[in-house]
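Q: Sequence first, predicted coordinates after that:
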Amino acid sequence: MVILGLGSNLGNRAIHLKRAISRLSRGSGAVLHAVRLSRIYESPALTPTGAPAAWDLPYLNCALSGETTLEPRALLRHIQEMERSLGRQDHERWAPRVIDIDILWWDGREMRSDDLTIPHPQILERPFVLEPLRDLIPDAILDSETLSAHASRVGAGVSVGEVLDPSTEAHRVGGVLPPAAPSPEADFEVRYPTLMGILNVTPNSFSDGGQFTEPEIAVEHARRLVEEGAGIIDVGAESTRPDGAAVDPATEWARVEPVLHGLRELQGELRTSGRRDPFRISIDSRNPSTLRSALEVGVDILNDVTGFSRPEMLEIAEDTDVPLVFMHSLSIPVVKGESIPPDRDSVEFLIAWAEERLAEFDRRGITRHRLIFDPGIGFGKTARQSWHILEHVERFHDLEIPLLVGHSRKSFLQTVTDKPSAERDAETLTVSRDLIGKGVEVLRVHDVKGHAKLLSRERMNPVGRSRV
């Protein structure tokens, strides 16, 4: 068994941890199996005297244990390559980091070399390492004491001189090591899917058309979705329902602009009240002019249902650094009866399509840590194909990027219920429970409150606590 320590203090820290955990433990490229995850801890940054104030950003930390077939140096190389692919850049030692992964512990192994020491030589100097290790292996012995005993002593406020090399110039609080406190909210965000709340500011969407066309009503609905547990609000002003009418860019922007400004104000309000990462704004559009204008307002995610297939959309993607959701579709709006060829396996078809898109992103210099894949349930798929994709969704982990699934209330559910679309939340939740178990990172849903309750029940499940 090996234990890795993971940390992030730059950008959306929970998302960065979740991506790293997914890459380490899911898909055919996984290097850890039978994994367990510690609680998530928050702690002050360790910074040297005279460091820029911008470096003083709190970390989220955790530990991940699992079995591996790799030898230590092979695992180290894999981790270093993965850190770079997730967006880590070479900075000074104490500078903020998108992701930091260390090999902390290897059951039955000890080694000491210039590039790798096991156990990690600074375990006893770092409460944000000791606490996660205590969660996973409390009775393991290090320096003649259990990790649990070490963690208790450090948590009680042991002076720096007793355990820390005095030549290290890391910042401390009051002469003791900075504490590491469990972060229940971040723990929830890392362990379970991010909920993307749907905000349709359209008169004709299939489920909620016309409900949120007034900007004030739309923003209040977004506030409610965030309060219920949404980490992302996805705003769309064009219905892509089957046989829906295309919307010209000017009309689309007129619908969405005041809502985006209202959401930005809501973000500021929530940050002022103490929520560091209150929610992110996603713009759901296939129109280049809309995306450009939305970026000027300050959206956090670009969501293109045509998969950034148009050259102008790719140019926009190149010119920004925000995350990109690229979805598979055959036509927008959806054309009834059009689907993936019936003689093709729909999952294999989508994997091949996604790999082609990834190759194009690579050619354009668009880094993969920004990309999120949406298989496009209901967009050019029969009901049978949609069910097949959902049943085998874990195969998309081989793409080594996060997955987003938007299945909420869609027509494929007509095979199991005759309810109208707005009343299909129970069926949606049943599908979502399976997607949670298969490690989907983002669920795009109407019923955020119901999904938050589902996640809370999963969280209380003793089996669920060890799942990632």
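A: Sure thing, it's come through.

Q: How is this structure partitioned into domains?
A: For the chain, the structural domains run 2-185, 192-465, going by automatic domain parsing.

Q: how close does residue 148 get to residue 120?
A: Counting by C-beta to C-beta, to the nearest Å, the gap between residue 148 and residue 120 amounts to 17 Å. C-beta coordinates here come from the backbone N, C-alpha and C atoms, glycine included.

Q: Neighbour count for these two, which is higher?
A: residue 120 (20 against 16; other C-beta atoms under 10 Å).

Q: Endpoints of stretch 84-101, how far apart?
A: With C-alpha to C-alpha, to the nearest Å applied, stretch 84-101 spans 11 Å between its terminal residues.

Q: Give the buried residues for that stretch.
A: Using 16 or more other C-beta atoms under 10 Å as the test for burial, stretch 84-101 gives 85-88, 94-101.

Q: likewise stretch 443-455?
A: So stretch 443-455, judged by 16+ other C-beta under 10 Å, has buried residues 443-452, 454-455.

Q: In TSV, list the residues you listed along with distance to residue 361 and secondary structure.
A: What follows is those, written out as TSV (distance: C-beta to C-beta, whole Å; DSSP: H, G, I helix; E, B strand; the rest coil):
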residue	distance to residue 361	secondary structure
443	23	strand
444	21	strand
445	27	strand
446	30	coil
447	32	coil
448	30	helix
449	35	helix
450	34	helix
451	30	helix
452	32	helix
454	33	helix
455	31	helix
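
Q: Out of those, which one has the weakest pLDDT?
A: Least confident entry in the buried residues of stretch 443-455, by pLDDT: residue 455, with 88.

Q: hang on, that one packs against residue 189?
A: No - Residue 455 is not in contact with residue 189 according to C-beta atoms under 8 Å; the separation is 10.0 Å.

Q: what's across from residue 234 in the sheet?
A: Beta-bridge pairing of residue 234 under DSSP bridges involves residue 198, residue 282.

Q: Under the pLDDT cut-off, which ranges of the stretch 51-200 of the chain? List them.
A: Residue ranges of the stretch 51-200 of the chain with pLDDT under 70: 91-92, 155-178.

Q: hmm, try it at 50
A: Residue ranges of the stretch 51-200 of the chain with pLDDT under 50: 158-175.

Q: can you give me the helices in the stretch 351-468 of the chain?
A: Taking DSSP state H, counting those that start in this stretch to define them, one finds helices in the stretch 351-468 of the chain at 383-391, 425-437, 448-460, 462-465.

Q: Out of those, which is the most enclosed?
A: By mean neighbour count, with neighbours taken as mean count of other C-beta atoms under 10 Å, helix 383-391 ranks first of the helices of the stretch 351-468 of the chain at a mean of 19.

Q: Just want the angle from it to helix 425-437.
A: With axes from the mean of the first three to the mean of the last three C-alpha atoms, to 10 degrees applied, the angle from helix 383-391 to helix 425-437 works out at 40 degrees.

Q: what does helix 383-391 rub up against?
A: 339-340, 345-347, 350, 375, 377-378, 381, 405, 407, 410-412, 414-415, 431, 434-435 (C-beta atoms under 8 Å, 6 or more residues apart in numbering).

Q: how about a cut-off of 6 Å?
A: Counting contacts by C-beta atoms under 6 Å, 6 or more residues apart in numbering, the residues outside helix 383-391 that touch it are 340, 346-347, 375, 377-378, 412, 415.

Q: what do you get for stretch 182-194?
A: Against stretch 182-194 from outside (C-beta under 6 Å, 6+ apart): 14, 17-18, 39-42, 60, 231, 440-443, 455.

Q: Repeat that for stretch 348-357.
A: By C-beta under 6 Å, 6+ apart, stretch 348-357 touches 307, 326, 328, 340, 373, 375, 399.

Q: Please point out which parts of the strand of greatest length in the chain sit buried.
A: Longest strand of the chain, by residue count under DSSP state E: strand 59-67. By neighbour count with 16+ other C-beta under 10 Å, strand 59-67 contains the buried residues 59-66.
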